[in-house]
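S.K.: Here is a sequence with its predicted model. Questions after.
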Amino acid sequence: MTNYQLIATAAAGIEGLVANELKDMGYQVQTENGRVRFQGDALDIAKANIWLRTADRIKIVFGEFKATTFENLFDQTYALPWDNILTMDAEFPVAGKSIKSKLHSVPNVQRIVKKAISKKMQDVYARKSHLPETGAKYQIEVAIRNDQVMLTIDTSGSSLFKRGYREHKGAAPLKENMAAALVKLTTWHKDRPLYDPTCGSGTILIEAALIGRNIAPGLKRSFDAEKWLLLDQSVWDKVRTEAESQIDHDIELDIYGTDIDHRMIEIAKDNAIQAGVGGDITFKQMQLSDYVPDREYGILISNPPYGDRMLSEEDVHELYRQMGNIYRDMPTWSKYILTSDEQFEEFYGEEATKKRKLYNGSLKVDLYQFWSTKR
């Protein structure tokens, strides 16, 4: 099989988690801002798409070069062996971005790249007319930074956070891959209790259950590259079959979620069933103050309302006060709370053991970590 230069894209702040996932899968990696580079063949492309929990997309790096004129951009794009990967009827839309570069007009950059690829394919297949573009989709991106061009082809299609299980969601849902990242940033192990007091549609706990059972997050969804002639369907079938054989059906998980809104509890239950972990999570409508842990040591993760998420600023701050008052009586539990409110510690009433800056979409947030007396 042909080997490719690949990148797994990631939200700012969690590139290290993606790199660790790839290392655990046996790859050598190079971590950069917003992405992790690695090498692999068709089988590796399928594995990365199906198994990575915290990445956004898997892309093939098809070309890298310097360009300061549109003529130079056209010539170097044309020179690449597009016919090695695109079929004659391939649909190949071009997206683009440009930062601190002479070629700063993104529409023009996209147009030149599209024109160069079209000309190359027309010449290869001896066609004078436009290509039909009625076949499989190959999403191409041209990204220019400081005059350095990177041309990539997206193998994933929809972002990897779209697992396929979340048919319903709340007013401000957390992306599935960010929820998985939150779980991985804690000290949770599958033999310890995990509790989310503001579980909403259940995403954090569902991702934890998938991790606990070793269920590949992309097992039930499809990817653009599955339709490519380059990546035979048997490769994807092989990876899925192996992934199914690695599911831990025997583990007993202690995962518990509560929310004040009974409608969200029903949504969370439905989502967990769709994800195949409905029997692994107990969801219950409950006030914060009504929860009493039945085990001495555990992990609490919460993504409470913050900013303009559903509650007024006054209500949000009162919620933080309640959390602080309640959770200080759980000293043997480690608490991890995600919020964009920089005054969180003031209202919670305690300084965090550690803070980690993350991004929930474009919104800067902090993960406040309160470690237990015994971790």
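M.R.: Received it, and whenever you're ready, just let me know what you need. Worth saying up front: this structure is predicted, and the values here are computed from it rather than measured.
S.K.: Show me which residues of stretch 79-95 are buried.
M.R.: Neighbour-count burial for stretch 79-95 flags 80, 82, 85-87, 90-92, 94 (criterion: 16 or more other C-beta atoms under 10 Å). C-beta coordinates here come from the backbone N, C-alpha and C atoms, glycine included.
S.K.: how long is it end to end?
M.R.: The first residue of stretch 79-95 is 19 Å away from its last residue (C-alpha to C-alpha, to the nearest Å).
S.K.: which residues of the stretch 51-200 of the chain score low on pLDDT?
M.R.: Residue ranges of the stretch 51-200 of the chain with pLDDT under 70: 170-172.
S.K.: Show me where it has its strands.
M.R.: 57-66, 94-99, 139-145, 148-154, 194-196 (DSSP state E, counting those that start in this stretch).
S.K.: can you redo these as CSV with distance to residue 13?
M.R.: Output for these, formatted as CSV (distance: least, C-beta to C-beta, whole Å):
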stretch, distance to residue 13
strand 57-66, 17
strand 94-99, 19
strand 139-145, 19
strand 148-154, 21
strand 194-196, 21
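S.K.: Go over the secondary structure and confirm residue 13 is in a strand.
M.R.: No: Residue 13 is assigned coil when assessed by DSSP: H, G, I helix; E, B strand; the rest coil, not a strand.
S.K.: what's the longest helix in this protein?
M.R.: Longest helix in the chain by number of residues (criterion: DSSP state H): helix 106-124.
S.K.: And the contacts of it?
M.R.: Residues from elsewhere that reach helix 106-124 (C-beta atoms under 8 Å, 6 or more residues apart in numbering): 70, 73-75, 77-78, 80, 82-83, 86, 88, 90, 92, 94-98, 103, 127-128, 130-131, 140, 142, 144, 151.
S.K.: Run through the strands of the stretch 251-375 of the chain in chain order.
M.R.: Applying DSSP E, counting those that start in this stretch to the stretch 251-375 of the chain gives strands spanning 255-259, 281-285, 298-302, 333-339, 354-360, 363-370.
S.K.: could you point out where the stretch 201-350 of the chain is predicted with low confidence?
M.R.: Across the stretch 201-350 of the chain, the ranges flagged by pLDDT under 70 are 306-311.
S.K.: could you redo the last one with a cut-off of 50?
M.R.: Applying pLDDT under 50 to the stretch 201-350 of the chain flags residues 309.
S.K.: What segments of it are helices?
M.R.: Secondary structure of the stretch 201-350 of the chain by DSSP state H, counting those that start in this stretch: the helices cover 203-213, 233-245, 262-275, 313-327, 344-348.
S.K.: Point out the most buried one among those helices.
M.R.: With neighbours defined as mean count of other C-beta atoms under 10 Å, the helices of the stretch 201-350 of the chain peak in mean count at helix 203-213, which reaches a mean of 26.
S.K.: before we move on, the earlier item: most packed of the strands of the stretch 51-200 of the chain?
M.R.: Sort those by mean neighbour count, taking mean count of other C-beta under 10 Å, and strand 194-196 sits at the top with a mean of 25.
S.K.: wouldn't residue 212 be in contact with residue 253 here?
M.R.: Yes: here residue 212 reaches residue 253: they are 4.7 Å apart, a contact under C-beta atoms under 8 Å.
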